[in-house]
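Trainee: Please find the sequence and the predicted model below.
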Amino acid sequence: MANWCNNWVVFEGTPEAIEQLTQLFKSMAEQEQKDNCGQLPDFVQDTHGDYFYNISQDNESAGVFQYETKWSPNTETVKQIAEHFKVDFTHEYEELGCLVYGKATFENGTLTETCLDSQDFDRYELDEEKDTYHFEGKEYDSEWEILDTLLERKIENQLNTTKI
């Protein structure tokens with residue numbers, strides 16, 4: 001049985017492109033309900049089983065979608081979709097059972113991806129008796145704030161390294 005990776009993607013582009021993307025994701029969600037299996041756009045070449053499952057759209061914001069993939073994110077597939085519609089995106093994902101937590105951006109044809117590694121996950125601890133997390137001398141009720149902090153730092157370090 002697969003571990004499910006949660007994915008959130010925000011596409012940015014012309015209103016026409018975002019509408020086309022909305023229709024694509026809506027039709028994939030409908031087809032998934034009929035077929036009871038993951039979906040890919042017809043124009044995407046699947047090489048890794050990067051299917052979209054449990055697709056939903058943020059009704060408040062155009063171009064914002066949530067879905068699941070098996071085990072890991074499908075960033076390369078999202079990139080193929082973005083290239084097809086000539087849009088940019090931000091793709092965030094997590095599957096903590098496999099220590100997967102990251103963010104990818106695709107802007108002006110350039111993909112930048114940052115994800116935490118096992119050393120990052122080792123930087124905090126769970127106190128099982130208190131059901132709290134400990135990181136850098138502070139106590140947290142949830143690991144999400146810690147993970148966000150670690151990812152933001154890693155992204156900042158990558159930006160600083162590329163500027164040198």
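Mentor: Now that the structure is in, tell me what you want to look at.

Trainee: Could you use CA atoms for every contact and neighbour count after this?
Mentor: Fine.

Trainee: quick one, what contacts the nearest residue to residue 18 once chain neighbours are set aside?
Mentor: Leaving out its chain neighbours, the residue that sits closest to residue 18 by Cα to Cα, 6 or more residues apart in numbering is residue 63, at 5.6 Å. By Cα atoms under 8 Å, 6 or more residues apart in numbering, the residues touching residue 63 are 9, 10, 11, 12, 18, 19, 21, 22, 57.

Trainee: which of those count as buried?
Mentor: By neighbour count, with 16 or more other Cα atoms under 10 Å, the contacts of residue 63 hold 9, 10, 11, 12, 18, 21, 22, 57 as buried.

Trainee: Which residue ranges of the chain form helices?
Mentor: For the chain, applying DSSP state H gives helices covering 15-35, 75-85, 118-121, 144-163.

Trainee: ok so, going back, widest-spaced pair of the buried ones among the contacts of residue 63?
Mentor: 12 and 57 (14.4 Å; Cα to Cα).

Trainee: between the buried ones among the contacts of residue 63, which is closest to residue 3?
Mentor: The nearest one, if we look at the buried ones among the contacts of residue 63 relative to residue 3 and count by Cα to Cα, is residue 9, at 19.2 Å.

Trainee: pretty sure the closest one is touching residue 82, no?
Mentor: No. Counting by Cα atoms under 8 Å, residue 9 does not reach residue 82; the two are 10.8 Å apart.

Trainee: Mind listing the shared neighbours of those two?
Mentor: Common neighbours of residue 9 and residue 82 (Cα under 8 Å, 6+ apart) are residue 89.

Trainee: Relative to residue 50, how far out is the residue lying farthest from the centre of the chain?
Mentor: Within the chain, the residue lying farthest from the chain centre (Cα atoms, centre = their mean) is residue 129, at 31.7 Å. Applying Cα to Cα, to the nearest Å, the value for residue 129 to residue 50 is 38 Å.
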